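# Here you go, sequence then predicted model.
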Amino acid sequence: MAPHHVRWGIMATGWIASVFVKDLLKDPNVRGASDVSHTVVAVASSSSRSRAEEFIAETGIPAPCATYDSYKDLVADPNIDVIYIATPHSHHFQNVMLAFEAGKNVLCEKAFTVNAAQAKILCETAKQKNLFLMEAVWTRYFPLSVQIRELITNGVIGEVLRVLADNSFADDVEEKWGTKHRMVNKDLAGGALLDLGIYSLTWVFQTLYHTLPRESRKPPSRISSHMSLYHLTGADEATSILLTFPTSTPSNLPHPGESQALAMTHLRVSTNADDSHVQPSIRIQGTKGEIQVYGPAFRPERYRVVPKGEGETKEVECPFPGDGKGMYWEADEVARCLRDGKLESDGLPWEESIAIMEVMDEVRRQGGLTYPENIESTVYPTPL
(Lines give C-alpha, C1' and ligand atoms only; values in the text may rest on other atoms or scores of the structure.)
Protein backbone atom coordinates (compact mmCIF):
# COMPACT_ATOMS: atom_id res chain seq x y z
CA MET A 1 0.00 0.00 0.00
CA ALA A 2 1.25 3.48 -0.82
CA PRO A 3 2.01 5.67 2.21
CA HIS A 4 -0.76 8.04 3.24
CA HIS A 5 0.34 11.45 2.02
CA VAL A 6 -0.45 14.67 3.88
CA ARG A 7 -0.11 18.21 2.52
CA TRP A 8 0.69 20.79 5.20
CA GLY A 9 0.07 24.53 5.40
CA ILE A 10 2.28 26.34 7.91
CA MET A 11 0.78 29.28 9.81
CA ALA A 12 3.54 31.56 11.19
CA THR A 13 7.28 31.52 10.51
CA GLY A 14 8.93 31.66 13.94
CA TRP A 15 11.47 29.33 15.51
CA ILE A 16 9.04 26.54 16.42
CA ALA A 17 7.63 26.48 12.87
CA SER A 18 11.09 26.06 11.41
CA VAL A 19 11.93 23.18 13.80
CA PHE A 20 8.66 21.47 12.85
CA VAL A 21 9.16 21.93 9.09
CA LYS A 22 12.76 20.66 9.14
CA ASP A 23 11.54 17.52 10.91
CA LEU A 24 8.63 17.18 8.47
CA LEU A 25 11.03 17.18 5.51
CA LYS A 26 13.07 14.22 6.82
CA ASP A 27 12.57 10.81 5.20
CA PRO A 28 9.88 8.97 7.27
CA ASN A 29 11.53 5.61 6.49
CA VAL A 30 14.52 6.59 8.65
CA ARG A 31 12.19 6.53 11.70
CA GLY A 32 10.33 3.42 10.49
CA ALA A 33 7.23 5.35 9.38
CA SER A 34 6.83 3.88 5.91
CA ASP A 35 3.02 4.19 6.08
CA VAL A 36 2.93 8.03 5.90
CA SER A 37 4.56 10.89 4.02
CA HIS A 38 4.49 14.67 4.26
CA THR A 39 4.91 17.73 2.06
CA VAL A 40 4.69 21.42 2.86
CA VAL A 41 2.56 23.08 0.20
CA ALA A 42 2.03 26.57 1.67
CA VAL A 43 3.54 28.97 4.20
CA ALA A 44 2.03 32.19 5.58
CA SER A 45 3.67 35.02 7.48
CA SER A 46 1.42 37.70 8.91
CA SER A 47 4.18 40.27 8.40
CA SER A 48 5.00 39.84 4.69
CA ARG A 49 5.17 37.44 1.79
CA SER A 50 8.93 37.96 1.61
CA ARG A 51 9.21 36.61 5.18
CA ALA A 52 7.39 33.46 4.00
CA GLU A 53 9.84 33.18 1.09
CA GLU A 54 12.81 33.55 3.47
CA PHE A 55 11.33 30.82 5.68
CA ILE A 56 11.09 28.45 2.69
CA ALA A 57 14.75 29.12 1.84
CA GLU A 58 15.89 28.72 5.47
CA THR A 59 14.10 25.41 6.02
CA GLY A 60 14.74 23.98 2.54
CA ILE A 61 11.10 23.37 1.59
CA PRO A 62 11.15 22.05 -2.01
CA ALA A 63 9.12 23.79 -4.73
CA PRO A 64 6.26 24.15 -5.38
CA CYS A 65 5.26 25.88 -2.14
CA ALA A 66 2.79 28.76 -2.08
CA THR A 67 3.43 31.86 0.04
CA TYR A 68 0.88 34.13 1.69
CA ASP A 69 1.02 37.35 3.71
CA SER A 70 -2.31 36.67 5.40
CA TYR A 71 -3.60 33.70 7.38
CA LYS A 72 -7.00 34.11 5.74
CA ASP A 73 -5.46 33.42 2.32
CA LEU A 74 -3.50 30.46 3.70
CA VAL A 75 -6.55 28.65 5.10
CA ALA A 76 -8.39 29.20 1.80
CA ASP A 77 -5.73 27.28 -0.18
CA PRO A 78 -7.50 24.18 -1.59
CA ASN A 79 -4.25 22.13 -1.74
CA ILE A 80 -3.86 21.98 2.05
CA ASP A 81 -5.00 18.94 4.09
CA VAL A 82 -4.00 20.25 7.52
CA ILE A 83 -2.78 23.53 9.00
CA TYR A 84 0.02 23.62 11.56
CA ILE A 85 -0.55 26.65 13.80
CA ALA A 86 2.69 28.01 15.25
CA THR A 87 1.55 31.44 16.45
CA PRO A 88 1.78 32.58 20.13
CA HIS A 89 -0.77 30.96 22.52
CA SER A 90 -2.66 34.26 22.70
CA HIS A 91 -3.71 33.84 19.07
CA HIS A 92 -4.48 30.09 18.98
CA PHE A 93 -8.22 30.34 19.57
CA GLN A 94 -8.75 32.92 16.83
CA ASN A 95 -6.37 31.16 14.41
CA VAL A 96 -7.90 27.70 14.84
CA MET A 97 -11.41 29.11 14.39
CA LEU A 98 -10.23 30.81 11.18
CA ALA A 99 -8.92 27.47 9.87
CA PHE A 100 -12.16 25.71 10.85
CA GLU A 101 -14.22 28.35 9.08
CA ALA A 102 -12.32 27.40 5.91
CA GLY A 103 -12.93 23.67 6.54
CA LYS A 104 -9.31 22.84 7.42
CA ASN A 105 -7.96 20.22 9.82
CA VAL A 106 -5.61 21.59 12.48
CA LEU A 107 -2.51 20.72 14.50
CA CYS A 108 -2.19 23.58 17.02
CA GLU A 109 0.93 24.29 19.08
CA LYS A 110 0.77 24.01 22.84
CA ALA A 111 -0.47 25.53 25.07
CA PHE A 112 -3.68 24.72 23.21
CA THR A 113 -5.41 28.00 24.09
CA VAL A 114 -5.24 30.65 26.82
CA ASN A 115 -8.05 29.08 28.87
CA ALA A 116 -10.26 26.00 29.04
CA ALA A 117 -13.37 27.82 27.79
CA GLN A 118 -11.59 28.51 24.48
CA ALA A 119 -10.35 24.90 24.26
CA LYS A 120 -13.89 23.56 24.76
CA ILE A 121 -15.26 25.71 21.94
CA LEU A 122 -12.49 24.54 19.58
CA CYS A 123 -13.28 20.89 20.33
CA GLU A 124 -17.03 21.43 19.94
CA THR A 125 -16.46 23.24 16.65
CA ALA A 126 -14.18 20.49 15.33
CA LYS A 127 -16.86 17.93 16.16
CA GLN A 128 -19.65 19.98 14.55
CA LYS A 129 -17.63 20.55 11.39
CA ASN A 130 -16.22 17.01 11.30
CA LEU A 131 -12.63 18.30 11.31
CA PHE A 132 -9.48 16.87 12.89
CA LEU A 133 -7.95 18.83 15.78
CA MET A 134 -4.93 18.03 17.95
CA GLU A 135 -2.82 19.94 20.43
CA ALA A 136 0.83 19.68 19.35
CA VAL A 137 2.33 18.28 22.54
CA TRP A 138 5.15 16.59 20.62
CA THR A 139 6.64 14.93 23.75
CA ARG A 140 3.60 12.62 24.03
CA TYR A 141 4.38 10.95 20.74
CA PHE A 142 8.04 10.14 21.45
CA PRO A 143 8.72 6.39 21.60
CA LEU A 144 10.18 7.16 25.07
CA SER A 145 6.83 8.48 26.31
CA VAL A 146 4.89 5.63 24.71
CA GLN A 147 7.23 3.06 26.33
CA ILE A 148 6.95 4.68 29.77
CA ARG A 149 3.15 4.75 29.60
CA GLU A 150 3.19 1.04 28.65
CA LEU A 151 5.52 0.18 31.55
CA ILE A 152 3.11 1.89 33.96
CA THR A 153 0.04 0.26 32.39
CA ASN A 154 1.73 -3.14 32.63
CA GLY A 155 2.33 -2.62 36.36
CA VAL A 156 6.13 -2.74 36.11
CA ILE A 157 6.57 -0.22 38.97
CA GLY A 158 3.36 -1.23 40.78
CA GLU A 159 0.76 1.37 41.67
CA VAL A 160 2.04 4.81 40.75
CA LEU A 161 1.48 7.10 43.73
CA ARG A 162 3.71 10.11 43.08
CA VAL A 163 5.22 12.03 40.17
CA LEU A 164 7.77 14.84 40.35
CA ALA A 165 8.26 16.83 37.14
CA ASP A 166 10.25 19.96 36.44
CA ASN A 167 10.88 22.06 33.34
CA SER A 168 12.99 25.08 34.24
CA PHE A 169 15.70 27.26 32.71
CA ALA A 170 18.10 29.61 34.49
CA ASP A 171 17.99 32.81 32.48
CA ASP A 172 18.78 36.41 33.26
CA VAL A 173 15.12 37.24 32.78
CA GLU A 174 15.47 41.02 32.53
CA GLU A 175 18.35 40.77 30.06
CA LYS A 176 17.18 37.82 27.96
CA TRP A 177 13.40 38.32 27.90
CA GLY A 178 12.95 42.01 28.76
CA THR A 179 9.28 43.01 28.55
CA LYS A 180 8.23 42.47 24.92
CA HIS A 181 9.29 38.84 24.29
CA ARG A 182 6.42 36.34 24.13
CA MET A 183 7.91 34.47 27.14
CA VAL A 184 7.01 37.35 29.48
CA ASN A 185 4.58 39.50 27.48
CA LYS A 186 1.02 39.24 28.81
CA ASP A 187 -0.39 40.48 25.47
CA LEU A 188 0.96 37.19 24.04
CA ALA A 189 -0.18 35.08 27.03
CA GLY A 190 3.43 34.95 28.21
CA GLY A 191 4.77 33.39 31.39
CA ALA A 192 6.45 30.20 32.55
CA LEU A 193 3.24 28.23 33.15
CA LEU A 194 1.72 28.19 29.67
CA ASP A 195 5.04 27.91 27.87
CA LEU A 196 7.15 25.61 30.07
CA GLY A 197 4.93 24.38 32.90
CA ILE A 198 2.71 22.70 30.32
CA TYR A 199 5.49 20.09 29.92
CA SER A 200 5.64 19.37 33.66
CA LEU A 201 1.85 18.95 33.59
CA THR A 202 2.14 16.78 30.47
CA TRP A 203 4.30 14.33 32.42
CA VAL A 204 1.91 14.37 35.36
CA PHE A 205 -1.10 13.72 33.13
CA GLN A 206 0.44 11.17 30.80
CA THR A 207 1.59 9.08 33.79
CA LEU A 208 -1.23 9.48 36.36
CA TYR A 209 -4.26 10.12 34.14
CA HIS A 210 -3.67 8.79 30.65
CA THR A 211 -2.49 5.38 31.94
CA LEU A 212 -6.03 4.61 33.19
CA PRO A 213 -8.75 3.33 30.83
CA ARG A 214 -10.49 6.27 29.22
CA GLU A 215 -13.74 5.88 31.17
CA SER A 216 -11.81 5.79 34.50
CA ARG A 217 -9.78 8.99 34.02
CA LYS A 218 -10.64 11.64 36.58
CA PRO A 219 -9.22 15.16 36.85
CA PRO A 220 -7.29 16.14 39.98
CA SER A 221 -9.41 16.29 43.11
CA ARG A 222 -7.18 18.96 44.68
CA ILE A 223 -4.91 21.63 43.21
CA SER A 224 -2.67 23.93 45.26
CA SER A 225 -0.18 26.23 43.59
CA HIS A 226 2.21 29.06 44.25
CA MET A 227 3.13 31.52 41.54
CA SER A 228 5.76 34.28 41.51
CA LEU A 229 5.10 37.12 39.09
CA TYR A 230 7.79 38.88 37.05
CA HIS A 231 8.11 42.44 38.36
CA LEU A 232 8.38 44.05 34.89
CA THR A 233 5.30 42.53 33.22
CA GLY A 234 3.23 40.59 35.76
CA ALA A 235 3.52 37.28 33.85
CA ASP A 236 4.59 34.31 36.00
CA GLU A 237 8.32 33.58 36.26
CA ALA A 238 8.00 30.64 38.69
CA THR A 239 5.10 28.30 39.34
CA SER A 240 4.86 25.19 41.53
CA ILE A 241 1.74 23.03 41.43
CA LEU A 242 0.74 20.30 43.85
CA LEU A 243 -1.97 17.99 42.49
CA THR A 244 -3.89 15.08 43.98
CA PHE A 245 -5.60 12.56 41.71
CA PRO A 246 -8.45 10.48 43.16
CA THR A 247 -7.05 7.01 42.37
CA SER A 248 -3.77 5.27 41.70
CA THR A 249 -2.72 3.89 38.33
CA PRO A 250 -2.81 1.37 36.65
CA SER A 251 -5.32 -0.50 38.86
CA ASN A 252 -7.63 2.47 39.43
CA LEU A 253 -7.70 1.61 43.14
CA PRO A 254 -9.39 3.79 45.73
CA HIS A 255 -6.89 2.05 48.10
CA PRO A 256 -3.89 2.60 48.37
CA GLY A 257 -5.78 5.36 46.70
CA GLU A 258 -4.78 8.87 45.86
CA SER A 259 -1.72 9.75 43.85
CA GLN A 260 0.10 13.05 44.15
CA ALA A 261 2.16 15.10 41.77
CA LEU A 262 4.44 18.09 41.91
CA ALA A 263 4.78 20.04 38.65
CA MET A 264 7.29 22.88 38.59
CA THR A 265 8.63 25.52 36.25
CA HIS A 266 11.00 28.46 36.73
CA LEU A 267 12.70 31.09 34.58
CA ARG A 268 15.59 31.82 36.98
CA VAL A 269 16.84 28.41 38.11
CA SER A 270 17.17 25.35 35.93
CA THR A 271 16.26 21.68 36.23
CA ASN A 272 19.96 20.79 35.90
CA ALA A 273 22.36 23.69 36.41
CA ASP A 274 25.12 22.28 34.20
CA ASP A 275 22.82 20.86 31.47
CA SER A 276 24.48 17.45 31.93
CA HIS A 277 21.18 15.96 33.10
CA VAL A 278 22.85 13.71 35.65
CA GLN A 279 19.71 14.18 37.75
CA PRO A 280 16.33 13.09 36.40
CA SER A 281 13.92 15.86 35.38
CA ILE A 282 10.96 13.52 36.02
CA ARG A 283 10.54 10.83 38.69
CA ILE A 284 7.54 8.48 38.48
CA GLN A 285 7.27 6.62 41.78
CA GLY A 286 5.35 3.40 42.28
CA THR A 287 4.95 0.78 44.98
CA LYS A 288 7.46 -1.54 43.23
CA GLY A 289 10.03 1.01 42.05
CA GLU A 290 10.41 4.14 39.98
CA ILE A 291 11.03 5.40 36.47
CA GLN A 292 13.53 8.25 36.18
CA VAL A 293 13.50 10.35 33.02
CA TYR A 294 16.65 12.23 31.93
CA GLY A 295 17.02 15.28 29.72
CA PRO A 296 14.77 18.33 29.47
CA ALA A 297 11.12 17.44 30.20
CA PHE A 298 10.11 18.49 26.67
CA ARG A 299 12.75 16.33 24.95
CA PRO A 300 14.19 13.62 27.20
CA GLU A 301 16.54 11.09 25.61
CA ARG A 302 16.76 8.29 28.16
CA TYR A 303 15.08 6.77 31.17
CA ARG A 304 15.88 4.29 33.92
CA VAL A 305 13.60 1.72 35.51
CA VAL A 306 14.73 1.33 39.13
CA PRO A 307 13.07 -1.57 40.97
CA LYS A 308 12.55 -1.49 44.73
CA GLY A 309 15.06 -3.59 46.64
CA GLU A 310 17.48 -5.99 44.96
CA GLY A 311 16.34 -5.98 41.31
CA GLU A 312 18.44 -4.80 38.42
CA THR A 313 18.18 -1.20 37.17
CA LYS A 314 17.45 -0.99 33.46
CA GLU A 315 18.64 1.98 31.42
CA VAL A 316 16.99 2.75 28.06
CA GLU A 317 18.34 5.20 25.46
CA CYS A 318 15.79 6.69 23.07
CA PRO A 319 17.59 8.40 20.20
CA PHE A 320 16.05 10.72 17.59
CA PRO A 321 16.47 9.07 14.17
CA GLY A 322 17.82 11.01 11.21
CA ASP A 323 19.19 13.78 13.43
CA GLY A 324 15.61 14.98 14.01
CA LYS A 325 14.30 17.10 16.85
CA GLY A 326 11.39 14.69 17.41
CA MET A 327 8.47 16.67 16.02
CA TYR A 328 8.01 14.22 13.14
CA TRP A 329 6.31 11.70 15.44
CA GLU A 330 3.39 14.04 16.18
CA ALA A 331 3.14 14.81 12.44
CA ASP A 332 3.00 11.06 11.70
CA GLU A 333 0.21 10.72 14.27
CA VAL A 334 -1.76 13.47 12.49
CA ALA A 335 -1.29 11.69 9.15
CA ARG A 336 -2.54 8.36 10.58
CA CYS A 337 -5.55 10.00 12.23
CA LEU A 338 -6.47 11.71 8.93
CA ARG A 339 -5.99 8.42 7.06
CA ASP A 340 -8.22 6.57 9.55
CA GLY A 341 -10.91 9.26 9.62
CA LYS A 342 -10.35 10.16 13.27
CA LEU A 343 -11.17 13.64 14.56
CA GLU A 344 -8.89 13.36 17.59
CA SER A 345 -5.78 11.46 18.64
CA ASP A 346 -5.94 8.69 21.25
CA GLY A 347 -2.51 9.88 22.44
CA LEU A 348 -3.99 13.21 23.55
CA PRO A 349 -7.79 13.24 23.32
CA TRP A 350 -9.66 16.54 23.42
CA GLU A 351 -10.99 15.97 26.92
CA GLU A 352 -7.44 15.58 28.22
CA SER A 353 -6.24 18.81 26.59
CA ILE A 354 -9.24 20.52 28.20
CA ALA A 355 -8.53 18.92 31.61
CA ILE A 356 -4.96 20.26 31.50
CA MET A 357 -6.19 23.74 30.48
CA GLU A 358 -8.62 23.61 33.43
CA VAL A 359 -5.71 22.94 35.79
CA MET A 360 -3.81 25.90 34.33
CA ASP A 361 -6.93 28.10 34.70
CA GLU A 362 -7.12 27.19 38.41
CA VAL A 363 -3.38 27.74 38.90
CA ARG A 364 -3.66 31.19 37.29
CA ARG A 365 -6.69 31.95 39.46
CA GLN A 366 -4.75 31.05 42.61
CA GLY A 367 -1.73 33.07 41.44
CA GLY A 368 -3.71 36.11 40.34
CA LEU A 369 -2.49 35.91 36.73
CA THR A 370 -4.98 37.28 34.20
CA TYR A 371 -4.43 38.15 30.57
CA PRO A 372 -5.97 41.02 28.56
CA GLU A 373 -9.66 40.54 27.86
CA ASN A 374 -9.27 40.21 24.08
CA ILE A 375 -6.96 37.17 24.35
CA GLU A 376 -9.07 35.49 27.07
CA SER A 377 -12.15 36.04 24.89
CA THR A 378 -14.28 33.18 23.56
CA VAL A 379 -15.81 35.42 20.91
CA TYR A 380 -14.79 34.72 17.31
CA PRO A 381 -13.74 36.83 15.56
CA THR A 382 -12.07 39.13 18.08
CA PRO A 383 -9.37 41.34 16.54
CA LEU A 384 -5.96 40.90 18.23
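Now that the structure is in, tell me what you want to look at.
# roughly how far apart are the residue lying closest to Tyr68 once chain neighbours are set aside and Thr13?
Spatially, and ignoring its direct neighbours in sequence, Tyr68 is nearest to Ala44 (4.0 Å; Cβ to Cβ, 6 or more residues apart in numbering). All C-beta atoms are positioned from the backbone trio N, CA, C, and that covers glycine. Counting by Cβ to Cβ, to the nearest Å, the separation of Ala44 from Thr13 is 8 Å.
# One more: Ile291?
38 Å.
# Now list whatever residues contact both of Ala44 and Thr13.
Common neighbours of Ala44 and Thr13 are listed as Ala52 (criterion: Cβ atoms under 8 Å, 6 or more residues apart in numbering).
# Would you check that Ala111 makes contact with Leu194?
Yes: counting by Cβ atoms under 8 Å, Ala111 does reach Leu194; the two are 4.3 Å apart.
# dump the residue contacts of the nearest residue to Ser345 once chain neighbours are set aside.
Leaving aside its sequence neighbours, Ser345 sits nearest to Met134 (Cβ to Cβ, 6+ apart; 4.9 Å). Residues near Met134 by Cβ under 8 Å, 6+ apart: Val106, Leu107, Cys108, Glu330, Glu333, Val334, Cys337, Glu344, Ser345, Leu348.
# same thing but at 10 Å, please
Counting by Cβ atoms under 10 Å, 6 or more residues apart in numbering, Met134 makes contact with 82, 105-108, 112, 126, 140-141, 330, 333-334, 337, 342-345, 347-350, 353.
# Could you list the low-pLDDT ranges of this structure?
Scanning the chain for pLDDT under 70 picks out 256.
# Show me the helices in the chain, by range?
Counting by DSSP state H, one finds helices in the chain at the ranges 15-24, 49-59, 71-75, 89-101, 116-129, 143-153, 173-177, 192, 198-208, 328-339, 350-367, 373-376.
# Of all the ones you listed, which one is nearest Gly234?
Distance to Gly234, taken as Cβ to Cβ, is lowest for helix 350-367 among the helices of the chain, at 10.5 Å.
# residues in contact with stretch 370-384?
Applying Cβ under 10 Å, 6+ apart, the external contacts of stretch 370-384 come out as 87-98, 100-101, 113-115, 117-122, 125, 186-191, 194, 234-235, 361, 364.
# end-to-end on it?
With Cα to Cα, to the nearest Å applied, stretch 370-384 spans 16 Å between its terminal residues.
# which of the contacts of stretch 370-384 are buried?
Taking 16 or more other Cβ atoms under 10 Å as the criterion, what is buried in the contacts of stretch 370-384 is 87-98, 100, 113-115, 117-122, 125, 186-191, 194, 234-235, 361, 364.
# farthest residue from the center of the protein?
What lies farthest from the middle of the chain is Glu310; by Cα atoms, centre = their mean that is 36.7 Å.
# List phi and psi for it.
The phi/psi pair for Glu310 (degrees, to the nearest 10) reads phi -90, psi -20.
# circling back to that earlier point, would you list the buried entries among the contacts of Met134?
82, 105-108, 112, 126, 140-141, 330, 333-334, 337, 343-345, 347-350, 353.
# just to revisit the earlier point, tally of neighbours for the residue nearest to Tyr68?
25 (other Cβ atoms under 10 Å).
# What of Pro213?
For Pro213, the count of nearby residues is 10 (other Cβ under 10 Å).
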